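Participant: this one's structure only:
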């Protein structure tokens, strides 16, 4: 006897191909007949319709230049599917670009995740190729794929190539921020900044520094849900097209159930089997070692939550203390993604990280992480991927902070911070919202000096809403003009992975839901101690209780909201849970 939940029970064969996910007409036979009748209007033969069906997400949009190569990738994926005996079926989903999403791309990430999940569920596909690259696209696709739990493979669109200006190599968007800071300080004029706008992002593809898009490109390899070496290939290179073809072929193997330990068994390797606690720990190791985006931690938490797991912030911090930054890329280092790729990419990095990784973790290729690491290309004299004996930074890229300002945790990318500010006490200069910051930051009358701590609140998931990448508070104009390059800045917002500075982010709980950040007042002393992992408001408990009794939530949280905004405000979780919806 076996119970319905007995893992040793014989596997039940699910319907395959055109018989999957039939529309409900009260008669399954009629449903299949009608489906075939309509699909045959597109000219398909019975032979084609009897093949494994491979879904291919189309995230192309004229508003999304990062995904400008998607049409060619789809063509190559289809070729790979057909070479392997499958039937490719392309379908559209939401397309999100960082710079073309109001109020923020993060606000729309969960919508894309729902769209991806429901389209995978609704349509007949035996496996799916997820094509994405821009910052919130890949996590949204993985969140949806984990929930739908159909065999899936991630295909990254790839980073763009570097730009050039007056003999200097440029990269979006770390150099965007550096040069814009110089423009604000008056050292770059209007004419030159306009020229620079045409040189910072010279090709299709995602940002070529270790921002969120590049971070996710590395993490999908660490998680094992992308083919080895495919997360870092430049968007414009022929290898990117070949990676698409190979991903299409592998999607057919997934659909046939041949990518499993011990050979073929009924059903393909599903995300829930691949994205295990071990896989997420490997991803955390890689995230620390690449000096990755702080956004990557939020996205990992959201993906893990869809898999019924959680990201332990204390474990992540402990990994960061043990695992050094090994990748010399901006903003933590000096180079760019194409240099990382040609130095050996993620496989070579994992080879250097062998002591910290679970090497027996399975990947979508059928290989283990250890086998991929062993096969990594050795590039003589490359210096982009460091050894553990010669790291770029002695500890990992990020640290998790706690204290009376962040009882649920906060994060700092200390690998891209100013060492002299990692232990600092300063006077708070408080901005109540993004709008308040925009209005007052450059006011010559603003009471601020270089030793102060800039505080932005009501910029979290519910407060903004959408948790904008406003955590990179600009240096007040009068200080920038005086040569100040960095200050301690804290907020419940996010920051682009391309940014740099001594910036504390994701303070949880956010101020808009009653978090202690909402109690800070101008002139309060704040102490940051990154080595001790502390962020403290130096105000006594009795005074904080008095302020708490006077605190009021932002008005928009009590106002009627319709549609997706209403759903978002009512359901979004905090940063430590990935800012997913509570019902997902």
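Facilitator: Cool, the structure landed. All values reported here derive from a predicted model rather than from experimental measurement.

Participant: helix, strand or coil for the spatially most central residue of the chain?
Facilitator: Nearest residue to the geometric centre of the chain (CA atoms, centre = their mean): residue 296, 4.3 Å. Look at residue 296: counting by DSSP: H, G, I helix; E, B strand; the rest coil, its state is helix.

Participant: And it, how far from residue 280?
Facilitator: 12 Å (CB to CB, to the nearest Å). For glycine as for every other residue, the C-beta is placed from the backbone atoms N, C-alpha and C.

Participant: Also residue 349?
Facilitator: Using CB to CB, residue 349 is found at 17 Å from residue 280.

Participant: now residue 28
Facilitator: Noted for residue 28: a distance of 38 Å to residue 280, by CB to CB.

Participant: now the helices for the stretch 251-400 of the chain?
Facilitator: Applying DSSP state H, counting those that start in this stretch to the stretch 251-400 of the chain gives helices spanning 271-274, 277-289, 294-306, 313-322, 337-342, 345-352, 369-374.

Participant: hang on, residue 181 in a helix?
Facilitator: Yes - Residue 181 sits within a helix when classified using three-state DSSP.

Participant: Who are the contact partners of it?
Facilitator: 474, 475, 480, 485 (CB atoms under 8 Å, 6 or more residues apart in numbering).

Participant: Which ChimeraX command selects the buried ones in those residues?
Facilitator: The ChimeraX selection below is limited to those of these classed as buried (16 or more other CB atoms under 10 Å):
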select :474,475,480
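
Participant: Going along the chain, name the strands of the protein.
Facilitator: Assigned by DSSP state E, the strands in the chain fall at 53-58, 87-92, 127-132, 152-156, 163-165, 168-170, 399-403, 406-412, 423-431, 453-456, 488-491, 503-508, 525-529, 534-537.

Participant: tilt between the first one and strand 87-92?
Facilitator: The reference is to strand 53-58. In terms of direction (axes from the mean of the first three to the mean of the last three CA atoms, to 10 degrees), strand 53-58 departs from strand 87-92 by 30 degrees.

Participant: What are the structural domain limits within the chain?
Facilitator: Using automatic domain parsing, the domain ranges for the chain come out as 51-161+203-374, 163-197, 399-577.

Participant: Mean pLDDT and distance to residue 391 added to those domains, as JSON lines?
Facilitator: JSON lines is the format used below for the domains of the chain (pLDDT from 0 to 100; distance: least, CB to CB, whole Å):
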{"stretch": "domain 51-161+203-374", "mean pLDDT": "95", "distance to residue 391": "3"}
{"stretch": "domain 163-197", "mean pLDDT": "90", "distance to residue 391": "20"}
{"stretch": "domain 399-577", "mean pLDDT": "96", "distance to residue 391": "10"}
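
Participant: ranking those by burial, who's on top?
Facilitator: domain 51-161+203-374 (a mean of 23; mean count of other CB atoms under 10 Å).

Participant: what's the closest non-adjacent residue to residue 293?
Facilitator: Computed as CB to CB, 6 or more residues apart in numbering, the closest residue to residue 293 that is not its neighbour in sequence is residue 497, at 2.3 Å.

Participant: and residue 235, what does it touch?
Facilitator: Per CB under 8 Å, 6+ apart, neighbours of residue 235: 68, 69, 133, 157, 158, 159, 160, 203, 204, 205, 206.

Participant: From residue 75, how far off is it?
Facilitator: 15 Å.

Participant: Could you do residue 312 as well?
Facilitator: To residue 75, residue 312 is 42 Å away according to CB to CB.

Participant: now swap in residue 523 and tell me
Facilitator: Shown here: residue 523 relative to residue 75, a distance of 61 Å by CB to CB.

Participant: before we move on, the earlier item: mind putting the helices of the stretch 251-400 of the chain into TSV with distance to residue 513?
Facilitator: Conversion of these to TSV gives the following (distance: least, CB to CB, whole Å):
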stretch	distance to residue 513
helix 271-274	31
helix 277-289	26
helix 294-306	16
helix 313-322	18
helix 337-342	37
helix 345-352	37
helix 369-374	38
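
Participant: isn't residue 486 right up against residue 474?
Facilitator: No - taking contacts as CB atoms under 8 Å, residue 486 lies outside contact range of residue 474: 11.4 Å.

Participant: And the helices in the stretch 101-250 of the chain?
Facilitator: Taking DSSP H, counting those that start in this stretch as the criterion, the stretch 101-250 of the chain carries its helices at 105-122, 137-148, 174-185, 190-197, 212-223, 238-256.

Participant: Adding distance to residue 61, write those out as TSV.
Facilitator: Formatted as TSV, the helices of the stretch 101-250 of the chain follow (distance: least, CB to CB, whole Å):
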stretch	distance to residue 61
helix 105-122	12
helix 137-148	11
helix 174-185	21
helix 190-197	21
helix 212-223	16
helix 238-256	18
